[in-house]
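K.L.:
Just need the structure, nothing else, for what follows:
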Amino acid sequence: MNDQIKEFQHDLFQEILGGADARGKFLEEEFLSHFTDHLIDAGEFDTFDPAYYPPKRGMRVDGYAGDPEENDGILTLFVADFHTQEEAGTLTRTEAETFFRRLARFYEAALKPAFHQELEETTEGFGLAEMIHARHSRISRIRMFLLSNHILSARVSGLPEGRIQDIPVTYNIWDVSRLYRLVSSRKGREDIRIDLLEEFGEGLPCLPASVGEDAYQAYLVVVPARILSDLYDRWGARLLEQNVRCFLQGRGKVNKGIRNTILNEAGMFFAYNNGITATAESIETSSNGGAASIVGLRNLQIVNGGQTTASLFSAAKKDRADLNHIFVQMKLSVVSPERAMEMVPNISRYANTQNRINAADFFANHPFHIRMEEISRRLWAPSPDSSYHESKWFYERARGQYLDAKAHLTTAQKKKFERDFPRSQCFTKTDLAKFENVWERIPHIVSKGAQFNFADYAGRIGQRWEKNPHQFNEMYFRHVVAKAIIFRKLEKIVMDQPWYNGGYRANIVAYTLSKLADLVQERGRVMDFDDVWKRQDLSPALRETLIATSAAVHEVIVNPDSGIQNITEWAKKQACWQRVQALTVTLPAAFLEEMLDPSEEKTIQREAQQVQKIDNGIDAQKKVLELGAAFWRASLEWDRSRRVLTEKDHQIMAVAAAIPVKLPTEKQSLHLIGVLERLREEACPLAQDV
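P.N.:
Predicted coordinates for the structure are as follows:
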């Protein structure tokens, strides 16, 4: 094991220890949560639902990735190989095969009705077993994941595909070294390498669509639908650029219009369908008699056309549709790895403008996340124990930023960093979406998993940002942190309750906070999140309220409506939320006194927005001055022959071009930042790297 992996293993173990302590979880539970978060981000699957069945009778399972009926008939099962020693050992082939056999035995046992009937109905294992039994006839593929904090033996190159009850099964082993490669990769995912000749026996005829040595490579391609479907079958959501993957979370994966064309008018599919837009980091081509063909692709990403791709796959698998006479047009851009992070989201954003989704550009580089990150790095939180040392809450707009921030620090610097930014005060953008959406009173959406929930949040916040970006300010950040504190404190509270017997804590927490938000709104009041921020803790009255509310909510969660037996899936339904809303919960008098009048909240919000406007103006002016007169003068000259900017733009740019004789005002500087963005969009070379 090299030093880098050893250091990664150490950091991973410390993160799991810190996360388990902060959230009141068992170590193995935190390990699974942490590991699957990375794999969800990488597109391996969309969600992770805990479903623990302890090792006995040669069986074991730790979780699954959603209802196969909502995942194109694919059932994804997980088992963990977690060790509490900090040093990584070796995972042998024999051990790996044993874990997969235990998963297989659980699946086979679940096919028999007697198995789940003998389990306690409130356990996660019961819910999964019952779902497998009910869905068996509609399961077309099983994916098994073994997640380990040991290192897979170098002698194991992979396990061949198997079958259970004539259903194909794939075996995926993720050890600590493979996770290290994923996390340390700049792209945050493993390479997708496609050899078309080897896999399909043919290349894809293509027409070059770019001119000149300096132009980026582009091709027009006609793809047989069966190849596109098979690629999706193998790579799944990893083929979809993250923006598109997120859109598919919020919409049905199968478009009825596309499906109808596939089944009833296959010959007209090429004419009716707009095709797909894709990127690849590199391609291999061959030429035969002057005709070019693409024979290999590296890191293919579909940035527009996710619905088309998923619909073709679904029609082939579920409806047994014949795809041999269907072809799909593809616009393919070859984007180097160095520019992929910048260009791929932009291609996705512009390609999706015909059916615009507000989440389109709401990822790591969106100004919202940049602002949250900037506030998190400078805003000190009050000390909860009245000591002199304050700390900060670290916002990760891109996964892994926390570890990256301290990766190259000395031992003394790391200690200071961890004192200023405790691991327990780190949260990600999907955490933020969860903390916010429970107070938006949509716990059934939160219960559908991080990616689905983030898609919902992104669409709403994207609209709000476009309307008024000033509302996302220090006050907003303080309130997000307050919500994080309440959420994480409640996780621990639930575990301490006499009625809690393990399982479904995440659902109980989400529904409890949404119910509390409902109760507060019913009384025409608002939560005093600033009080939680100042305390960095819960008031006694709020704690008492959460205990009482969670007990009532728990009864609804573990007693689903008639005909529903899987509690995890029950928590994802609006009917569950409607039953929780109907609960009668009496709020303690002390808590009622802590709530604010809405008019007080609005006054504080107006003041916070005014401060943010001033901060924006100052930041814009600083940026304009840093770019300097030469930049603005050259940009003005660049546009004179192209005329993509307005006369007003030119007039304000002329002021900036005269720095320091003339100084743009804050208002003019804000305008110039907008000009800078338009220059980037128009591919002005001066604006690309500033």
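K.L.:
Put the alpha carbons of stretch 504-514 into PDB.
P.N.:
What follows is stretch 504-514 as a C-alpha-only set of coordinates in PDB (Å, rounded to 0.1, in the frame of the first residue of the first chain):
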ATOM      1  CA  TYR A 504     -35.900   4.500   9.900                       C
ATOM      2  CA  ARG A 505     -34.200   7.200  11.900                       C
ATOM      3  CA  ALA A 506     -33.600   9.400   8.800                       C
ATOM      4  CA  ASN A 507     -37.300   9.200   7.900                       C
ATOM      5  CA  ILE A 508     -38.400  10.000  11.500                       C
ATOM      6  CA  VAL A 509     -36.100  13.000  11.700                       C
ATOM      7  CA  ALA A 510     -37.300  14.400   8.300                       C
ATOM      8  CA  TYR A 511     -41.000  14.000   9.200                       C
ATOM      9  CA  THR A 512     -40.600  15.400  12.700                       C
ATOM     10  CA  LEU A 513     -39.000  18.600  11.500                       C
ATOM     11  CA  SER A 514     -41.600  19.000   8.700                       C
END
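K.L.:
Wait, residue 450 touches residue 38, no?
P.N.:
No. Under the contact definition of CB atoms under 8 Å, residue 450 does not touch residue 38, with a separation of 11.3 Å. Every residue, glycine included, has its C-beta placed from N, CA and C.
K.L.:
wait, what's in contact with the closest residue to residue 636 other than its chain neighbours?
P.N.:
The spatial neighbour of residue 636 that comes closest, neighbours along the chain excluded (CB to CB, 6 or more residues apart in numbering), is residue 653 at 4.7 Å. Residue 653 is in contact with 632, 635-636, 645, 672, 675, counting by CB atoms under 8 Å, 6 or more residues apart in numbering.
K.L.:
how far away is residue 653 from residue 523?
P.N.:
Taking CB to CB, to the nearest Å as the criterion, residue 653 is separated from residue 523 by 53 Å.
K.L.:
Then residue 507?
P.N.:
25 Å.
K.L.:
again, but for residue 426
P.N.:
Residue 426 sits 34 Å away from residue 523, taking CB to CB as the criterion.
K.L.:
ok, the two, which is more surrounded?
P.N.:
Neighbours of residue 426 and residue 523, each counted by other CB atoms under 10 Å, are more numerous for residue 426; the result is 23 against 10.
K.L.:
for the more buried one, phi and psi?
P.N.:
phi -110, psi 140 (degrees, to the nearest 10).
K.L.:
and the closest residue in space to it that isn't next to it in sequence, how far is that from residue 419?
P.N.:
Counting by CB to CB, 6+ apart, residue 394 is the residue found nearest to residue 426 once chain neighbours are left out, at 4.4 Å. Look at residue 394 and residue 419: by CB to CB, they are 12 Å apart.
K.L.:
neighbour count winner among those two?
P.N.:
Looking at residue 394 and residue 419 with other CB under 10 Å, you find the greater number of neighbours at residue 394, namely 20 against 10.
K.L.:
Residue 424 is in contact with that one, correct?
P.N.:
No. With contact defined as CB under 8 Å, residue 394 and residue 424 do not form a contacting pair (10.1 Å).
K.L.:
Give me the local confidence score for the residue nearest to residue 426.
P.N.:
Reported pLDDT at residue 394 in the predicted model: 96.
K.L.:
Quick one: classify residue 61 as helix, strand or coil.
P.N.:
Taken by DSSP: H, G, I helix; E, B strand; the rest coil, the conformation at residue 61 corresponds to strand.
K.L.:
From residue 18, how far off is the residue lying closest to residue 389 once chain neighbours are set aside?
P.N.:
Nearest-residue entry for residue 389: residue 383, 6.1 Å, with adjacent residues in sequence omitted and distances by CB to CB, 6+ apart. When distance is defined by CB to CB, residue 383 is 19 Å away from residue 18.
K.L.:
Please apply the same query to residue 320.
P.N.:
50 Å.
K.L.:
Comparing these two, which residue is more hemmed in?
P.N.:
Legend: neighbour count by other CB under 10 Å for residue 320 and residue 18, higher for residue 18 (16 against 8).
K.L.:
Show me which residues of whatever helix or strand that one lives in are buried.
P.N.:
Using DSSP states H and E, residue 18 falls within helix 3-23. Within helix 3-23, the residues that qualify as buried by neighbour count (16 or more other CB atoms under 10 Å) are 5, 8-9, 11-13, 15-16, 18-20, 22-23.
K.L.:
Tell me which helix or strand comes right after that helix.
P.N.:
helix 27-41.
K.L.:
Show me the residue sitting in the middle of the protein in space.
P.N.:
Relative to the mean C-alpha position of the chain, the nearest C-alpha, by CA atoms, centre = their mean, is the one of residue 451, at 4.3 Å.
K.L.:
With only the CA atoms kept, save the one helix or strand it maps to in CSV.
P.N.:
With the criterion set as DSSP H and E, the secondary-structure element containing residue 451 is helix 450-467. Below are the C-alpha coordinates for helix 450-467, written out as CSV (Å, rounded to 0.1, in the frame of the first residue of the first chain):
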residue,chain,number,x,y,z
ALA,A,450,-30.0,12.8,-1.7
GLN,A,451,-30.0,13.2,-5.5
PHE,A,452,-33.8,13.3,-5.9
ASN,A,453,-34.1,15.7,-3.0
PHE,A,454,-31.3,17.9,-4.4
ALA,A,455,-33.0,18.1,-7.8
ASP,A,456,-36.2,19.4,-6.1
TYR,A,457,-34.2,21.9,-4.1
ALA,A,458,-32.1,23.0,-7.0
GLY,A,459,-35.1,23.8,-9.2
ARG,A,460,-36.7,25.9,-6.5
ILE,A,461,-33.5,27.8,-5.4
GLY,A,462,-32.4,28.3,-9.0
GLN,A,463,-35.6,30.2,-9.6
ARG,A,464,-35.3,32.2,-6.4
TRP,A,465,-31.7,33.1,-7.2
GLU,A,466,-32.7,34.4,-10.6
LYS,A,467,-35.4,36.5,-9.0
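K.L.:
need the contacts of residue 653 in JSON lines with secondary structure, can you?
P.N.:
Supplementary listing: those in JSON lines, determined by three-state DSSP:
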{"residue": "632", "secondary structure": "helix"}
{"residue": "635", "secondary structure": "helix"}
{"residue": "636", "secondary structure": "helix"}
{"residue": "645", "secondary structure": "coil"}
{"residue": "672", "secondary structure": "helix"}
{"residue": "675", "secondary structure": "helix"}
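K.L.:
Buried subset of those, written for ChimeraX?
P.N.:
This is how ChimeraX selects the buried members of those, with burial counted by 16+ other CB under 10 Å:
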select :632,635,636,645,672,675
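K.L.:
could you dump the contacts of residue 653 to a markdown table with distance to residue 579?
P.N.:
Written out in a markdown table, the entries for those read as follows (distance: CB to CB, whole Å):
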| residue | distance to residue 579 |
| --- | --- |
| 632 | 61 |
| 635 | 59 |
| 636 | 63 |
| 645 | 56 |
| 672 | 54 |
| 675 | 53 |
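K.L.:
between the contacts of residue 653, which is closest to residue 566?
P.N.:
When these are compared for distance to residue 566, the smallest value, 54.1 Å, is given by residue 675; criterion: CB to CB.
K.L.:
so who does the nearest residue to the closest one once chain neighbours are set aside touch?
P.N.:
Across the structure, with CB to CB, 6+ apart as the measure, the residue nearest residue 675 apart from its sequence neighbours is residue 649 (5.2 Å). The neighbourhood of residue 649, defined by CB under 8 Å, 6+ apart, consists of 639, 671, 675, 678.
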